[in-house]
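# pasting the sequence and the predicted model now:
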Amino acid sequence: MKWIRLLWHNLKANVTGTAMRHDACGRYMNTVLVGAAAAVSVIAVSALAAPSQTVSSRAKANEGSRSMPNKVTKSDAEWKKELTPEEYQVARQKGTERAFTGKYWDCHTPGVYKCVCCGADLFNSNTKFDSGTGWPSFWAPMNKENVQANSDSTFGMTRTEVVCSHCGAHLGHVFDDGPAPTHLRYCINSASLKLDEKK
Ligand SMILES: [Zn+2]
């Protein structure tokens with residue numbers, strides 16, 4: 001990072017020069033000097049951090065488009081510690097929140113609904129529709145690789161359970177009475193989701 005050191009010395013020399021020329025208002029210039037130093041540090045840190053960030057996000061994007069995404073494995077105790085009691089009950093214990101009580105069934109804010117446990121992108125608000133069921137409903141997942149369907153025969157019914165492919169979080173169920181174009185209805189618990197609002 002030779003160029004950063006050079007940049008730092010040049011800037012320091014310039015600012016110090018200015019400070020010396022204006023030493024009558026020394027106090028003010030001291031403040032300017034501290035400010036300039038902080039600004040240069042920020043530039044240097046960003047320059048150092050930027051390349052690794054780009055590589056890692058590129059790697060993640062590639063992983064997602066390849067086959068199965070990376071698995072997130074945590075102990076039950078860890079999930080319990082990280083989630084609220086309701087999120088834990090629904091997402092980790094296959095619970096179901098009561099209809100019309102979750103925070104997203106009537107939400108119309110644009111954005112991406114992520115997994116409450118691991119943050120994987122699950123549903124986009126542009127596939128959300130008012131199903132009248134009291135649960136947030138979508139006609140398609142955002143990315144097929146992030147949402148996995150399992151057969152579920154609990155409670156004397158044959159249904160298709162939907163889970164997060166990354167961490168196995170229980171999301172809800174999928175039914176075939178949804179609107180066009182897919183005619184699917186992903187009936188999802190608000191407690192398993194975290195909306196990342198579109199800015
Ligand atoms: Zn997840």
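Thanks, I have the structure now.
# list the buried residues in stretch 131-147.
131, 134-143, 145-147 (16 or more other CB atoms under 10 Å). Glycine gets a C-beta too; all of them are placed from N, C-alpha and C.
# most widely separated two among those residues?
The largest separation in the buried residues of stretch 131-147, counting by CB to CB, is between 134 and 145 at 28.6 Å.
# just the buried residues of stretch 131-147: which has the poorest pLDDT?
Ranked by pLDDT, those bottom out at residue 143, which has 91.
# distance of that one from residue 89?
26 Å (CB to CB, to the nearest Å).
# again, but for residue 113
19 Å.
# ok, those two, which is more surrounded?
Using other CB atoms under 10 Å as the criterion, residue 113 and residue 89 rank with residue 113 on top: 26 against 18.
# my guess is residue 149 contacts residue 175. True?
No. The pair residue 149 / residue 175 is not scored as a contact, 11.2 Å apart, by CB atoms under 8 Å.
# common neighbours of those two, please.
With contacts defined as CB atoms under 8 Å, 6 or more residues apart in numbering, the residues adjacent to both residue 149 and residue 175 are residue 160.
# this structure: helices as residue ranges?
Here the chain has its helices, by DSSP state H, at 2-21, 26-66, 76-82, 85-87.
# so what does the last one touch, helix or strand wise?
Same thing as helix 85-87. Taking 3 or more CB pairs under 8 Å, 6 or more residues apart in numbering; DSSP states H and E as contact, there are no helices or strands that helix 85-87 lies on.
# so what's residue 183 up against?
So residue 183 contacts 139, 176, 177 (CB under 8 Å, 6+ apart).
# what's near enough to touch residue 131?
137, 178, 185, 187.
# now residue 79, nearest residue through space, not along the chain?
residue 92 (4.9 Å; CB to CB, 6 or more residues apart in numbering).
# using a markdown table, lay out the contacts of residue 131 together with distance to residue 107.
Shown next, in a markdown table, are the contacts of residue 131 (distance: CB to CB, whole Å):
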| residue | distance to residue 107 |
| --- | --- |
| 137 | 11 |
| 178 | 18 |
| 185 | 17 |
| 187 | 15 |
